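Enquirer: model this:
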Amino acid sequence: MVTMTHKDTIYRPKIALYEPDIPQNTAAIIRTCSCLGANLEIIEPCGFFFSDKRFQRVVMDYIDLENIKFYKSANEFFIKNREQRIILMTTKAKKLYTDFKFKKRDILLFGRESAGVPEIIHKKVNFRIKIPMKSKTRSLNLSTSVSIILSENLRQAKYL
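Expert: As a prediction, this is how the structure comes out:
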């Protein structure tokens, strides 16, 4: 069994959240990123404050602000990451994540829990993938989706 520590790799996977609006999901994602060695990027505005009791209850002591980067807008996020490959997770994608070839330095972008991302964001990315689900279901919980995609990214990009 291989154990990954933060020192095992030069590059750490990146999860980006577009305007997250449920504090418990963001807190759970912070815990996942902490446990799996990923950085988190948050595109503001958030729909909650980090002092929110619901957030604090879930995040506990896993929050490490050194591994979280905040962007004041989607525009700033795309400008600062213009050299990176940004992959949008969306139920509107045709390609399944199991058929996608992840690379180190990919940024895995997830939309708002309540609304996904607007069409302008869809137009800014070249890669869109989805998690297969049974018909007549809308979507998985955001933190569950992050865990699934991050795990596959770690496996394929050989972070582990």
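Enquirer: So which residues of this protein form strands?
Expert: 14-18, 39-43, 68-71, 86-89, 95-96, 107-110, 127-130 (DSSP state E).
Enquirer: I'd like these written out as a markdown table, with distance to residue 80, mean pLDDT and mean neighbour count added.
Expert: The way it works is simple: take the backbone N, C-alpha and C, and place the C-beta from them, glycine included. Shown next, in a markdown table, are these (distance: least, CB to CB, whole Å; pLDDT from 0 to 100; neighbours: other CB atoms under 10 Å):
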| stretch | distance to residue 80 | mean pLDDT | mean neighbour count |
| --- | --- | --- | --- |
| strand 14-18 | 11 | 97 | 24 |
| strand 39-43 | 9 | 94 | 22 |
| strand 68-71 | 7 | 90 | 16 |
| strand 86-89 | 11 | 98 | 24 |
| strand 95-96 | 26 | 97 | 12 |
| strand 107-110 | 10 | 98 | 24 |
| strand 127-130 | 18 | 97 | 18 |
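Enquirer: Which of those strands sits closest to residue 142?
Expert: strand 107-110 (6.1 Å; CB to CB).
Enquirer: what's near enough to touch residue 91?
Expert: Neighbouring residues of residue 91 by CB atoms under 8 Å, 6 or more residues apart in numbering: 116, 130, 133, 138-139.
Enquirer: separation between it and residue 83?
Expert: Remark: distance between residue 91 and residue 83 (CB to CB, to the nearest Å) = 28 Å.
Enquirer: Repeat that for residue 134.
Expert: Following CB to CB, the distance that separates residue 134 from residue 83 is 38 Å.
Enquirer: I'd like the strands of the chain as a markdown table, with distance to residue 24 appended.
Expert: Below are the strands of the chain laid out as a markdown table (distance: least, CB to CB, whole Å):
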| stretch | distance to residue 24 |
| --- | --- |
| strand 14-18 | 13 |
| strand 39-43 | 15 |
| strand 68-71 | 16 |
| strand 86-89 | 19 |
| strand 95-96 | 27 |
| strand 107-110 | 15 |
| strand 127-130 | 23 |
